[in-house]
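[1] Have a look; sequence and predicted model below, questions after that.
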Amino acid sequence: MNNNLKRSIKFSVSIAVITFVLAAIFSIVSNSVMSGVAWGIGLIIVFIIVLTGVVFDMLGIAATAADEPPFHAMAAEKIPGAKEAIIIVRNADRFASFCNDVIGDISGIVSGTASAVVVIQLANALGSSDGSGVQITLSVLLTSIVAALTVGGKAVGKFFAIHSSTKIIFATARVIAWIESNLKIRILSVSTKSTRKTR
């Protein structure tokens, strides 16, 4: 087994474990929050979850579309975030996997669960019983809206990710640099070894 395959398997296992943990945390938190709020607030939370998935999907695509040279020029001028941007681009496959597959997919699952809670809350507010025509209609309507917003939002996000990848990755890198510098939370690996072929 060569080193690349070993690293790939190790990364895949790590991502699977991280996904399991984050999915459990997000599900518990969302269900706890949703159970204690009115359906209107719950609906806003659902839309925030959908927006989170759309944004992270855009970030993952931007990382694969961005080129390194602009960030090297910024790094030479000691611009904050430039080194982090280089790390993101050089590890675009892993960054995209985390953003698209981990956060993106978890957001989709959690938004579906949260939508079901909102439907039950709204049906109860309308005085409808479980399994009633009103509840079924609300479920279909909200599921369709969430799906449309998710797909439509990701389509728009892909456009910006492809055409403004440098700006998006640099903005993301600056946020990461601020977090690492001020909150002392390590987000990116210090390694800058490229995991993709040079364009």
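    Noted; the coordinates are in hand. The model shown is predicted, which means the values in this text are computed figures rather than measured ones.
[2] how much space is there between I88 and S132?
    As judged by C-beta to C-beta, to the nearest Å, I88 and S132 stand 49 Å apart. All C-beta spots, glycine's among them, are computed from the backbone N, C-alpha and C.
[3] Between these two, which is the more surrounded one?
    I88 (26 against 13; other C-beta atoms under 10 Å).
[4] Check which residues of the helix or strand bottoming out on mean pLDDT in the chain are buried.
    None of the helices or strands of the chain scores lower by mean pLDDT, DSSP states H and E than helix 3-35, at a mean of 82. By 16 or more other C-beta atoms under 10 Å, the buried positions in helix 3-35 come out as 19, 26, 30, 34.
[5] Likewise for stretch 74-89?
    For stretch 74-89, by 16+ other C-beta under 10 Å, it's 74-75, 79, 81-89.
[6] Just the endpoints, please. Distance across that stretch?
    End-to-end distance of stretch 74-89 (C-alpha to C-alpha, to the nearest Å): 14 Å.
[7] Contacts for that stretch, please.
    63, 66-68, 71-72, 95, 169-170, 172-178, 180, 188-189, 191-192 (C-beta atoms under 8 Å, 6 or more residues apart in numbering).
[8] Same check on stretch 176-188?
    Stretch 176-188 is contacted by residues 80-81, 83-84, 87-88 when judged by C-beta under 8 Å, 6+ apart.
[9] pLDDT averaged over that stretch, what's the number?
    In this model, stretch 176-188 carries a mean pLDDT of 88.
[10] do stretch 46-58 as well
    95.
[11] What of stretch 132-147?
    88.
[12] Tell me the secondary structure of R186, please.
    Under DSSP: H, G, I helix; E, B strand; the rest coil, R186 falls in the coil class.
[13] for the buried residues of helix 3-35, which one is nearest D105?
    Of all the buried residues of helix 3-35, D105 sits closest to T19, with 7.5 Å by C-beta to C-beta.
[14] Before I go, just wanted to say thanks for your time.
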